[in-house]
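Asker: build the 3D model from these lines:
(2 chains)
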Number of protein chains: 2
Amino acid sequence: MSDFFSEARSAQAVNGRMAEPVSPRLRQIMTSLVEHLHGFIREVELSEAEWQQAIDFLTRTGQICSPERQEFILLSDTLGVSMLVDAINHRRPPGATENTVFGPFHVANAPLRQMGDTISLDGKGESCLFRGRVLDLDGQPIAGAMLDVWSDNEDGYYDVQQPQSQPRWNNRGRFITGADGRYTFRGVRPVSYPIPDDGPVGMMLAALGRHPWRPAHTHFMLTAPGYQRIVTHTFVAGDNYLTSDAVFGVKASLIQHFEPNPRGDTLWTADFDFVMTTQSPYC
Amino acid sequence: MSDFFSEARSAQAVNGRMAEPVSPRLRQIMTSLVEHLHGFIREVELSEAEWQQAIDFLTRTGQICSPERQEFILLSDTLGVSMLVDAINHRRPPGATENTVFGPFHVANAPLRQMGDTISLDGKGESCLFRGRVLDLDGQPIAGAMLDVWSDNEDGYYDVQQPQSQPRWNNRGRFITGADGRYTFRGVRPVSYPIPDDGPVGMMLAALGRHPWRPAHTHFMLTAPGYQRIVTHTFVAGDNYLTSDAVFGVKASLIQHFEPNPRGDTLWTADFDFVMTTQSPYC
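Answerer: This next block holds a predicted model:
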């Protein structure tokens, strides 16, 4: 009786059960999901004990989630899923600044600052002058572009992780470009830090022989009228973890060189030009 | 730089990160999992909003789990994963009784009863005389086989779901065959019931146009020295949900006919022979 489940036609049995009304997009997603999920189980011939381990892992991952912690996003990040979804949804022409993962530490509506201001409110860490231009694909400056910047402090923590010991909005700020498309601000050279590794995802990384570290990076979100939003980081050249970012965020084009600044008021300078693409007429 | 993540080689970037020591089996499982997971995302070009929905769904599924409720097993069941794992791990020669899902309602060490005894302690429901033989593949009776039986009551609930209103061990019992391999016991004709559908899995089923019902069934677990354990159900012939079991448990060979029993002390008789296979020398 072909209506019943069989090992050979397991995915068809499940997908054949969908009934109207089901949205065409949900049908497409679930059909593919079930085929790949069954394909995986068939390929490795998953044992019952392994299935039980998988159930336990997913359950623990869900149970550790809280308003302050999203372990499933961490799982998505560490399995390269977040970066793959980001890549699929933000394909850009050569020369445009590439996206990378958004991360959990953005806070909306950071203080609007003047060019040249510092975002380091506690004065700790190795000071750096960040500067560069916001350009279009033809190399022309974009006026009125907003750079939203955030980074960790010298101990590897964002202000929201240390509300007791860091000033609010420490190492955060927003800047709007003028006619020349230029930006300059003072901040700190970021440091590498580990993702939270005291939960199921940390156990998974350890079992896979992987470390939980992210290379030092500064977050940028750029928006400008008529242009696609860019969500990205710049990464500190020479960081030990550049080729082993726990969440696969590094792209070669996003590596930024920090130069000593012996005559200036900061220890370092770091230059980076962002290149924005125009918005699709469809979005 | 080939060390970095790219859309085209995303799975290789993730799998290339595994480092010694990682167990060969874990390496095999994770490699296949990442390839299929990325393959799925690539195939449907998952949007960021859909990714967020998936994160939320998994989180809610984990958070509703409790000592009394395992929503990830329910998800596995309703996506046919549990049955596929069962099928892969319990391939048997033609003629042997097939496995089906274990389900969440087994309780170990049910009372040992004499052949002919009843397992219905509250006397409710349509009474039935269950009987048959436990045989080997050559049709010879197996002595000393233990049948562990459990089923719902006339309202569609197991005793453990209604500890206030059902006697403990209601519709449960264990029986050991003698030299003739025969078993007989009295119980109730089971009724169909819905799986818990007030959580994320229920919402998923509704979105897919699927109902949450399981066709009426009696659970059996058979063990005998030297033979492979059988975990299965018998399903009531004619049930409305035979071809649409929410967890895909039905196999044609497990359908059982209930015959009226006008001259007996029960409303129905139900016959079923179980056929066991010898244990592999490797387990």
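
Asker: does the closest residue to chain B within chain A lie in a helix or a strand, and which?
Answerer: Chain A approaches chain B most closely through A:Gly62 (0.9 Å), counting by C-beta to the nearest C-beta. All C-beta atoms are positioned from the backbone trio N, CA, C, and that covers glycine. Assigned by DSSP states H and E, A:Gly62 belongs to helix A:48-63.

Asker: got the contact list for that helix?
Answerer: Outside of helix A:48-63, the residues within contact range by C-beta atoms under 8 Å, 6 or more residues apart in numbering or on different chains are A:46, A:71-72, A:75, A:199-201, A:204, B:29, B:58-63, B:65, B:70, B:72-73, B:76, B:81-82, B:85-86, B:89.

Asker: now the helices for the stretch 51-200 of chain A?
Answerer: A:71-78, A:81-89, A:200-207 (DSSP state H, counting those that start in this stretch).

Asker: any idea of the mean pLDDT for the last one?
Answerer: Predicted confidence along helix A:200-207 averages 98 (mean pLDDT).

Asker: which element follows that helix toward the C-terminus?
Answerer: strand A:213-214.

Asker: counting by contacts, list what that next one packs against.
Answerer: Secondary-structure packing of strand A:213-214 (3 or more C-beta pairs under 8 Å, 6 or more residues apart in numbering or on different chains; DSSP states H and E): strand A:193-194.

Asker: gap between the two ends of stretch A:93-104?
Answerer: End-to-end distance for stretch A:93-104: 27 Å, by C-alpha to C-alpha, to the nearest Å.

Asker: ignore what I typed, I meant stretch A:106-117.
Answerer: By C-alpha to C-alpha, one end of stretch A:106-117 lies 20 Å from the other end.

Asker: tell me the buried residues in that stretch?
Answerer: A:110, A:113 (16 or more other C-beta atoms under 10 Å in any protein chain shown).

Asker: which residue is the nearest non-sequential neighbour of A:Gln140?
Answerer: Leaving aside its chain neighbours, A:Gln140 sits nearest to A:Gly181 (7.7 Å; criterion: C-beta to C-beta, 6 or more residues apart in numbering or on different chains).

Asker: ok, now A:His90?
Answerer: Once flanking residues are discounted, A:His90 sits nearest to A:Asn99: 4.2 Å by C-beta to C-beta, 6+ apart.

Asker: let me see the contact set for that neighbour.
Answerer: A:86-87, A:90, A:92, A:230-232.

Asker: just the buried ones from those residues?
Answerer: A:86-87, A:90, A:92, A:230-232.

Asker: near chain B, which residues of the stretch 101-250 of chain A show up?
Answerer: A:207-210, A:243-244, A:248-250 (C-beta under 8 Å from any C-beta of the partner chain).

Asker: could you redo the last one with a cut-off of 7 Å?
Answerer: Contact residues, the stretch 101-250 of chain A versus chain B (C-beta under 7 Å from any C-beta of the partner chain): A:207-210, A:243-244, A:248, A:250.

Asker: what's the ChimeraX syntax to select whichever of these are buried?
Answerer: A single ChimeraX command selects the buried members of these (16+ other C-beta under 10 Å):
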select /A:208,210,244,248,250
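
Asker: which pair of the residues of the stretch 101-250 of chain A next to chain B spans the longest distance?
Answerer: A:Ala207 and A:Val250 (23.1 Å; C-beta to C-beta).

Asker: who are the packing partners of the longest helix seen in chain A?
Answerer: Longest helix in chain A, counting residues (DSSP state H): helix A:24-44. Contact partners of helix A:24-44 among helices and strands, from 3 or more C-beta pairs under 7 Å, 6 or more residues apart in numbering or on different chains; DSSP states H and E: helix A:10-15, helix B:24-44, helix B:81-89.

Asker: in CSV: the ones you listed, plus mean pLDDT.
Answerer: Output for the helices and strands packed on helix A:24-44, formatted as CSV (pLDDT from 0 to 100):
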stretch, mean pLDDT
helix A:10-15, 97
helix B:24-44, 98
helix B:81-89, 97
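
Asker: quick one: closest of those helices to B:Met146.
Answerer: Using C-beta to C-beta, the helices and strands packed on helix A:24-44 put helix B:81-89 closest to B:Met146, at 20.4 Å.

Asker: what about the closest one, near chain A?
Answerer: Yes - shown here: helix B:81-89 in contact with chain A (C-beta under 7 Å from any C-beta) through B:81, B:83-85, B:87-89.

Asker: report the buried residues of that helix.
Answerer: In helix B:81-89, counting by 16+ other C-beta under 10 Å, buried: B:81-88.

Asker: redo those residues as TSV? Include distance to A:Asp122.
Answerer: Shown next, in TSV, are the buried residues of helix B:81-89 (distance: C-beta to C-beta, whole Å):
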residue	distance to A:Asp122
B:Val81	50
B:Ser82	53
B:Met83	58
B:Leu84	55
B:Val85	53
B:Asp86	58
B:Ala87	60
B:Ile88	57
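
Asker: just those now: which is nearest A:Arg25?
Answerer: Looking across the buried residues of helix B:81-89 and measuring by C-beta to C-beta, the closest to A:Arg25 is B:Val81, at 22.4 Å.

Asker: could you double-check that the closest one sits in contact with A:His36?
Answerer: No - judged on C-beta atoms under 7 Å, B:Val81 makes no contact with A:His36 at a distance of 11.8 Å.
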